[in-house]
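Undergrad: Model the structure of this input:
(one chain, ligands or ions: 1)
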Amino acid sequence: MKKVILISNAVAFSLFLWFVLFMGAEDSTVGAFGFLIFIIPFLFIMTLLNVVLYVIFRVTRSKDKTRACPACARVVEVGITTCGGCGFDFMKAAGN
Ligand SMILES: [Zn+2]
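TA: A predicted model of the protein is given here:
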């Protein structure tokens, strides 16, 4: 998943460089203005995409998280509230 974020950033950076070079070739004020009109929503979309990818990355990673039971040291999934080995109540232990 981290690879996807890296690739999206690499694509964004190369596109950004391409547009800088492309717009830099046009030495008129219209070209500079057109560049700004393009780059602001572009950067906004890229930021949004990165946030979405980061959230997906965090959500998918937390799915396979495990913790050790404090009573019997058995490895239990985070979403499970009672230990499968000894019946230890994680919710009670957390104070909920
Ligand atoms: Zn246990």
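
Undergrad: need the contact list for L49.
TA: Taking CB atoms under 8 Å, 6 or more residues apart in numbering, we find L49 in contact with S8. Every C-beta, even on glycine, is put in place using the N, C-alpha and C of the backbone.

Undergrad: Tell me which helix or strand it sits in.
TA: helix 29-63 (DSSP states H and E).

Undergrad: in that helix, what's buried?
TA: F35, M46, L53 (16 or more other CB atoms under 10 Å).

Undergrad: from the chain's centre, how far out does the helix or strand bottoming out on mean pLDDT in the chain sit?
TA: Least confident element among the helices and strands of the chain, by mean pLDDT, DSSP states H and E: helix 2-25 (a mean of 74). Distance of helix 2-25 from its chain centroid, counting by CA atoms, centre = their mean, to the nearest Å, is 18 Å.

Undergrad: Next, the angle helix 29-63 makes with it.
TA: 180 degrees (axes from the mean of the first three to the mean of the last three CA atoms, to 10 degrees).

Undergrad: Cool, thanks, signing off.
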